[in-house]
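Novice: Fold the stuff below for me.
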Amino acid sequence: MPTVQFVSGRKVCSVSSQAETSLLDQALAAGLAVSYSCRRGDCGQCVATLSAGEVEPIDAARPLLGADGVFLCNALARNDVVVVLPYLPELEGIRVLRSPCKIHELGHMSQDVLQVTLRLPPSAQFEYRPGQYIRLARQGILPRSYSLSEPPAADKLLRIHVRRVDEGAFSRYLFGAAKAGDLLHLEGPLGRFILREGVSVRKTVFLATGTGIAPIHALLASLGQGPTTRCGELFLYWGNRVQADAYFQAPLQELARSSGVSYFEVYSRAPGAEPGTTARHVQDLMASHHPDLTEAQVFACGNPAMIEDARRRSAQLGLPGERFFSDPFTAS
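Specialist: Here you go, the predicted model:
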């Protein structure tokens, strides 16, 4: 039976590989903190480096190997393998909690976006970094991942933005039958969409589409709360189809005024674009405003197609690949 060795920072964990069990599930069973979300190969959260050995796909129709490594959710060990998990020192003290939680409050931000406020048991020890996400489960409904929209607060309540998705089981529950006091199960925090400590850049560009604004709002709202990074000038681009979809417009405008953020809205289906441009997507407007990104960092969250195009455009504008950070949102 093959042996799988997981390496995370200075920690090494060896397990006997289980037939027909993904490397992701084996890592989780070993108690390792591995980020994951869709389990389909769409989000890229579980991608890790395969430094030795060979893997094969569970499902040949889904991604196995990508530019950044192996998709653990779809990988089986063919022989002895060594997997190097992404490691960030900023997350060293963060532990993944699995706990019951309750819906504290439900509030419509627009017809199609709901703010869900959650509360954990008083004894729960839950720490997270702005930009991370949680997974929520309810009996009979597949788990769903949601980014936290606010940095840690004194009231210890957790807030997420949920968009109505007609074919989404969790979305239908939250918009339909959910009520304050309902019991859910929470797992988290997860994800690496965080500010890196010790980084110093001339500008930081944030790109978001739809509810992808939630973790970016948490990042921006956390600036100045403690030593993190020297972000330089701050630029925020938020994309929606039409202005009626901009459910978080007023809070962002206020945050921009109080924090010195240059804030721009982009509408892909609006009759016209920003005066003097033809931009209908956030990455287009970023490119027109920032022809040189060599001394920048970019955080992109939302539609996977936007993220991949933004990654490509940023590289063309000189952005080093290690300073592009992304969090794709996939519907479910």
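Novice: so where's the stretch 151-300 of the chain uncertain?
Specialist: Counting by pLDDT under 70, the ranges of the stretch 151-300 of the chain that qualify are 224-229, 271-279.
Novice: can we see that at 90?
Specialist: Filtered on pLDDT under 90, the stretch 151-300 of the chain yields the residue ranges 166-169, 197-199, 223-231, 259, 268-280.
Novice: Report the buried residues of stretch 95-106.
Specialist: By 16 or more other C-beta atoms under 10 Å, the buried positions in stretch 95-106 come out as 96-97, 101, 103-104, 106. C-beta here means a position set from N, CA and C on the backbone, and glycine is covered the same way.
Novice: State the pair within those residues that is farthest apart.
Specialist: Comparing every pair within the buried residues of stretch 95-106 by C-beta to C-beta identifies 96 and 106 as the most remote, at 25.7 Å.
Novice: Relative to the longest strand belonging to the chain, what are the paired strands and their orientations?
Specialist: In terms of residue count, the longest strand belonging to the chain (DSSP state E) is strand 97-108. Looking at strand 97-108 with DSSP bridges, its partner strands are strand 113-119 (antiparallel), strand 183-190 (antiparallel).
Novice: Tell me how far it lies from the chain's centre.
Specialist: Here strand 97-108 is found 19 Å from its chain centre; the criterion is C-alpha atoms, centre = their mean, to the nearest Å.
Novice: And stretch 98-109, by the same measure?
Specialist: Between the centre of stretch 98-109 and the centre of its chain there are 19 Å (C-alpha atoms, centre = their mean).
Novice: neighbouring contacts of it?
Specialist: Outside stretch 98-109, the residues that touch it by C-beta atoms under 8 Å, 6 or more residues apart in numbering are 114-121, 124, 126, 136, 157-158, 161, 174, 178-187, 247-248.
Novice: My read is that residue 286 contacts residue 313, right?
Specialist: Yes - with contact defined as C-beta atoms under 8 Å, residue 286 reaches residue 313; the gap is 7.2 Å.
Novice: If you count surrounding residues, which of the two has more?
Specialist: Set residue 286 next to residue 313 and count neighbours by other C-beta atoms under 10 Å: residue 286 wins out with 25 against 18.
Novice: for the more buried one, helix, strand, or coil?
Specialist: helix (DSSP: H, G, I helix; E, B strand; the rest coil).
Novice: In contact with it, which residues?
Specialist: Contact partners of residue 286, counting by C-beta under 8 Å, 6+ apart, are 205, 207, 235, 237, 298, 310, 313-314.
Novice: That one and residue 264, how far apart?
Specialist: Separation of residue 286 from residue 264 (C-beta to C-beta, to the nearest Å) stands at 9 Å.
Novice: Kindly report the same for residue 192.
Specialist: Applying C-beta to C-beta, the value for residue 192 to residue 264 is 26 Å.
Novice: Reformat the strands paired with strand 97-108 as JSON lines; add distance to residue 4 and mean neighbour count.
Specialist: Listed next are those as JSON lines, based on distance: least, C-beta to C-beta, whole Å; neighbours: other C-beta atoms under 10 Å:
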{"stretch": "strand 113-119", "distance to residue 4": "34", "mean neighbour count": "19"}
{"stretch": "strand 183-190", "distance to residue 4": "21", "mean neighbour count": "19"}
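Novice: Of all the ones you listed, which one is nearest residue 53?
Specialist: strand 183-190 (25.7 Å).
Novice: And the helix or strand following the closest one, what's buried?
Specialist: Where DSSP states H and E defines the elements, the next helix or strand beyond strand 183-190 is strand 203-209. Within strand 203-209, the residues scored as buried using 16+ other C-beta under 10 Å are 203-209.
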